[in-house]
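In: Here is a sequence with its predicted model. Questions after.
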Amino acid sequence: MTTQLMDSGSGPDAANWWCPAGVLRDAQWDPCTRYPAAALALFTINALAVAFAYRQTTTVGYIRLDRARRAVRPGLWQCTRFFVATVIISLVVDVVLLVLAGLTEAVWATPLAAWTGAVLVAAWLNRAIMGVEVRKLDSFSGATAAFWVLLLVAEALAVPDWVRNAMSDIPSTIAPYDKFLYSSYLLRVLHLFGLAITLAIVHPLTRDPAPTNEPVAAATAVTADLEAGAARPAQTPPAHQQQTASDNDGGVVAEGTARLRKLLPFMSPSNHPMLQVLVLLCFTTLLAGRFVMVLVPLAYKHVIDDLTIGTFPYTTRELSVRMFRHLHALSLRWHVHRKTGEVLRVLDRGTTSIVSLLQMLVFTLVPVLADIAVAAAYFIIQFDIYFGILVIVTMGMYIFATVVITEWRTKFRRSMIELDNRTSQIGVDSLLNFETVKYYGAEEFEIQRYEKAIRDYNRADWSSSGSLQVLNMTQTLVISVGLLAGSLLCGYRVVLGTLTIGDFIMFYTYMLQLAAPLNWFGTMYRVIQQNFIDMEKMLKLFDADVDVQDRPNARTLSLKGGTVTFSHVGFSYDPAHPALTDFTLTIPAGKTVALVGPSGGGKSTIFRLLFRFYDVQNGAIAIDGQDVRDVTQASLRAAIGVVPQDTVLFNDTIYYNISYARPSATEEEVYRAAQAAQIHDKVLSFPKGYQTVVGERGMRLSGGEKQRVAIARTILKNPQILLLDEYSSALDTNTERHIQAAMTAVARDRTTLIIAHRLSTIVHADMIAVVKDGQVVEQGTHDELLANENGLYSELWSKQIQSNGGAGDEAVVPDPAPVPAALAGGSAGAGAAAAGPSRERHGHGRFR
């Protein structure tokens, strides 16, 4: 609900803020606007009347009670005090709620809060005057009673509006502050009503049935009796009566309460009304201070929330995203030399450390430095230069010891982090190679290796913790020595008389308070140092060079057919072992070229260079005359589709893995690609269909199924250039024939480069290049290469024929069939549109 507190901030109803109830928005007439002036006027008249009565020693307006009625009066006075106290408490609650609402809801009802505070002060002072009147004159004036009656009338007039507003809102929508305000208001009205009844009962008792002609004398007698009673020493009862009373009071607690009651008259300035007012003001200030102390943590909460909810998550998010982007920007050369588990651990530890570092700097460093500076300046001003020097020397020794020991223990912390990263890497590597571990029965070996890594980490952690204890003991020693020296100096000054005992206590207290920020400073420096060590690896990741980058003037690849040219390309992973040397080859647009040759000849390197996983070191690679280094990586890779030999799938659904190539593809396009890859019917046989999760790296699928999912993904991308790396090696013969027919249809009018070891799969290629030792040693069609009986290709073909028992001709793929209808609807080069859009999951209820 929109609270009355907030609704009363503007508009024509703003005048109703002056109403103590705060809700008379819709009233036809508003008595609350007349309440403040009348109440303050009555209060002023009452105060002046009481002062005049004291000064004239008269009882005008005050009537003496007879003995019978005086016996009833104490109980009524207790009731009056109770009701007055609860009314005052409810006003205090209103003030606190209004202030809290302003702090938390950012809506300040300033006039309402100010008026409620003024009524609170007036009620409190009126209560004090009532106490003085009863003690001095055994009654109270009509003006005093009228104050509470008028307050009751003003509050009662607001009851209908309170009830209407409370009932018009849905209970679940009522703000918490409104609920408390409703409760406080109802409590105040009920107790004001009870107070009015009590005053009505008290009023007849103040009427003397036999009016006297000596009111002044009677009042003087009453006052004299009261003063005499207060001055007369209390008679001490016999010892056995004291014992009985003590037993009846319930033991030690009752006895202590009785003693406290005896002391109260001496603690309260009953004979000094103005001093009583000052005491009340002091208590009011004290309570206000307590309320402020309650509000300080609340304000601190808002500051922390604003920083932690806004700044720190932003920092973590930006750091994580930037690091993730940087890791993807690094070349394959960097990734093949890194361990995944270690990189993930470094990233996790680094992002956690940066948040901890920011919190320490913002919430600890600045306050600690401020505390130390203020304390040092205060000691110099309050005492003398020697105390300031003592503080500065103590701080200097503390900081020096902290820095030296922290630097010493840095090596232990760094060693612990290295071993922690190694432990994480061993665990992740072992789990990723789960099948290999099972193949060789190496479970115990892996467990022992992991256990040894944990033991090494525990030893390093013990060394780091031990060095931390050394640091803590040294810090405590420095603080203790500084405190001892300061205490001796201060004690010496006390003996000389230049300082007082109070100065000594003050100095000792300040030193103890100074020790806390010093301890925080030591902890802060240690944590900052640890955070920098934890971030060290992550910062090194940021320093890793991105060796494959777009040039400043890189342009988008413009395809005009897809002719690929390798001109004298040279490349090596290791300078001592070149992978390609003077490699030259041209793949005409729309033609299929196969690369064959012995393993290690550089065939896979050719794929990686064309895809720009690496940049060539010599020569150039061009597509339609455009050097691949002069175009953007995004446009280059959008034009190339790859089916790798080792297929790795995301741990997600089959649909997600296929649609990953083109997230904007429709369901029908995904299904057509799956049909072309001969995987559609198999997927539909799964219980969850296309929503089947493939598992880590696709381990829940067979090798052939993973390969066909990868083929479907490439078909869906619909690129102009195809790179096929042993794409049918994991397929059975029958499926291979169907896939070969489909891929042949897909490759029609597309530039296709195939790596094959089974020569029977590439006999229909437009050209076959034989690669050995990083060079093209032969090239031509299948028949042309077989014609050279002394050639390397002829030798490889003969070996495969012999290994197949002369059945090599059976493996030859038949002539490509026409393009199946399942592949209709996609145009070459459409894969370029796949670059850029976010990759979102697709849900499809029909397969659930």
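Out: Looks like it arrived, so ask away.
In: isn't residue 417 right next to residue 532, touching?
Out: No - the pair residue 417 and residue 532 does not pass the contact test of CB atoms under 8 Å, sitting 11.2 Å apart. (Glycine included, C-beta is placed from N, CA and C.)
In: So the two - more neighbours on which side?
Out: Set residue 417 next to residue 532 and count neighbours by other CB atoms under 10 Å: residue 417 wins out with 21 against 14.
In: give the contact list for that one.
Out: By CB atoms under 8 Å, 6 or more residues apart in numbering, the contact set of residue 417 is 349, 533, 534, 536, 537.
In: Go through those and say which is closest to residue 668.
Out: When these are ranked by distance to residue 668 (CB to CB), residue 349 comes first, at 46.1 Å.
In: Next SSE downstream of the host helix or strand of that closest one?
Out: Here residue 349 sits within helix 340-360, counting by DSSP states H and E. Note on helix 340-360: by DSSP H and E, the next helix or strand toward the C-terminus is helix 366-382.
In: and that following helix, what other elements does it pack with?
Out: helix 385-432, helix 501-543 (3 or more CB pairs under 8 Å, 6 or more residues apart in numbering; DSSP states H and E).
In: what would those look like in CSV with mean pLDDT and distance to residue 618?
Out: Formatted as CSV, those follow (pLDDT from 0 to 100; distance: least, CB to CB, whole Å):
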stretch, mean pLDDT, distance to residue 618
helix 385-432, 83, 35
helix 501-543, 74, 28
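In: Domain-wise, how is this structure divided?
Out: 32-223, 272-329, 334-543, 564-648+713-836 (automatic domain parsing).
In: These: lowest mean pLDDT?
Out: Of all those, domain 32-223 carries the lowest average pLDDT, namely a mean of 63.
In: Give me the three-state assignment for residue 579.
Out: Three-state call for residue 579 (DSSP: H, G, I helix; E, B strand; the rest coil): strand.
In: pretty sure it is touching residue 774, no?
Out: Yes - using CB under 8 Å, residue 579 is in contact with residue 774, at 5.7 Å.
In: Now do the shared contacts for the two.
Out: Common neighbours of residue 579 and residue 774 (CB under 8 Å, 6+ apart) are 602, 605.
In: helices or strands up against the lengthiest helix in the chain?
Out: Looking across the chain with DSSP state H, the single longest helix is helix 443-496. Using 3+ CB pairs under 8 Å, 6+ apart as the contact test, the elements touching helix 443-496 are helix 385-432, helix 501-543.
In: quick one on the thing from earlier: show me how to select, in ChimeraX, the buried members of the contacts of residue 417.
Out: Here is the ChimeraX selection string for the buried members of the contacts of residue 417, based on 16 or more other CB atoms under 10 Å:
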select :349,533,534,537
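In: Can you verify residue 622 is assigned to a strand?
Out: Yes - checked against three-state DSSP, residue 622 lies within a strand.
In: and it, bridged to which residues?
Out: Beta-bridge pairing of residue 622, defined through DSSP bridges, involves residue 565, residue 627.
In: Am I right that it is in contact with residue 565?
Out: Yes - using CB under 8 Å, residue 622 makes contact with residue 565 at a distance of 4.7 Å.
In: how close does the closest residue to residue 765 other than its chain neighbours sit to residue 622?
Out: Nearest non-adjacent residue to residue 765, counting by CB to CB, 6 or more residues apart in numbering: residue 594, 4.1 Å away. Remark: distance between residue 594 and residue 622 (CB to CB, to the nearest Å) = 21 Å.
In: which one of the two has more residues nearby?
Out: For residue 594 versus residue 622, neighbours defined as other CB under 10 Å are more numerous around residue 594 (24 against 17).
In: Might you report the residue contacts of that one?
Out: With CB under 8 Å, 6+ apart, residue 594 has these contacts: 753, 754, 755, 756, 762, 765, 767, 768, 769.
In: helix or strand for it, which one?
Out: Per DSSP H and E: strand 592-596 holds residue 594.
In: give me the number of residues near the closest residue to residue 587 other than its chain neighbours?
Out: Spatially, and ignoring its direct neighbours in sequence, residue 587 is nearest to residue 564 (4.2 Å; CB to CB, 6+ apart). Neighbour count for residue 564, taken as other CB under 10 Å: 23.
In: returning to that earlier point: can you name every helix or strand that the helix holding residue 349 contacts?
Out: helix 312-329, helix 385-432, helix 501-543.
In: Please name every helix or strand in contact with the last one.
Out: With contacts defined as 3+ CB pairs under 8 Å, 6+ apart, the packing partners of helix 501-543 are helix 312-329, helix 340-360, helix 366-382, helix 385-432, helix 443-496.
In: do the same with the first one
Out: If you count contacts as 3+ CB pairs under 8 Å, 6+ apart, helix 312-329 packs onto helix 340-360, helix 501-543.
In: I'd like to know which of the helices and strands packed on helix 443-496 lies nearest to residue 725.
Out: Per CB to CB, nearest to residue 725 of those: helix 385-432, 21.8 Å.
In: Give me the distance between residue 370 and residue 376.
Out: 11 Å.
In: neighbour count winner among those two?
Out: residue 376 (19 against 11).
In: What is the neighbour count of the closest residue to that one other than its chain neighbours?
Out: Nearest non-adjacent residue to residue 376, counting by CB to CB, 6+ apart: residue 391, 4.8 Å away. Applying other CB under 10 Å, we find 24 residues neighbouring residue 391.
In: try the one 4 residues further on
Out: The burial count assigned to residue 395 is 20, neighbours taken as other CB under 10 Å.
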